[in-house]
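> no sequence on this one, just coordinates:
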């Protein structure tokens, strides 16, 4: 458990987090994350879901202590968090098959194709209620799409989001893909 956290994030801290996300997005011409096969990103999302399930009891206790919600409700939230990462792993894994899919137009002089690509570094802000679940609702689709992210959870309920950072390290998520700043 994290005991001493500095809640005085500076603009320099934010700049460093964004720079880390941007560097990761473009590293190796994007092949390390943004342009990696969607199956690669899905593998990480499923690993995160598995770790959340594995640590459900611990995470639920932390969420209950941090946000004041009943323990059984926090445990249900952890199931939803894991389910969210699994859902976006499945959805994201299908992205490669949809690349350059033709779009039918009524005019033969035009050709249109679907191109799915990450938009870049995304900034994610979450409130105090449902701390980890609302983070998952934002983090999972962003990562599945190949974006990198900077997450700023509520300063009053950020413990489980910091645990998410630990889980991401455990599963080997490349450094800079998810950056968490608090304060």
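Nice, I can see it. Remember, predicted model here, so these are calculated numbers, not experimental data.

> please make it C-alpha for all contacts and neighbour counts, starting now.
Will do.

> the residue most central in space within the chain: what secondary structure?
Centroid-nearest residue in the chain, with C-alpha atoms, centre = their mean: residue 139, separated by 2.4 Å. Residue 139 carries the three-state label helix when classified by DSSP: H, G, I helix; E, B strand; the rest coil.

> do I have it right that it meets residue 152?
No: counting by C-alpha atoms under 8 Å, residue 139 does not reach residue 152; the two are 10.9 Å apart.

> overlap in contacts of those two?
Counting by C-alpha atoms under 8 Å, 6 or more residues apart in numbering, the shared contacts of residue 139 and residue 152 are residue 124.

> list the buried residues in the longest helix seen in the chain.
Using DSSP state H to define each element, the chain has its longest helix at helix 71-93. By neighbour count on 16 or more other C-alpha atoms under 10 Å, the buried set for helix 71-93 is 71, 74-75, 77-90, 92-93.

> hmm, who's touching that helix?
So helix 71-93 is contacted by 38-39, 41-43, 45-46, 48-50, 52-53, 56-57, 59-61, 63-64, 130, 132-133, 136-137, 140-141, 144-145 (C-alpha under 8 Å, 6+ apart).

> in helices only, show me those residues.
Residues of the contacts of helix 71-93 located in helices (DSSP H): 38-39, 41-43, 45-46, 48-50, 52-53, 56-57, 59-61, 63-64, 132-133, 136-137, 140-141, 144.

> isn't there a helix covering residue 97?
Yes: assigned with three-state DSSP, residue 97 falls within a helix.

> ok, it - how many residues close by?
Using other C-alpha atoms under 10 Å, residue 97 is surrounded by 9 other residues.
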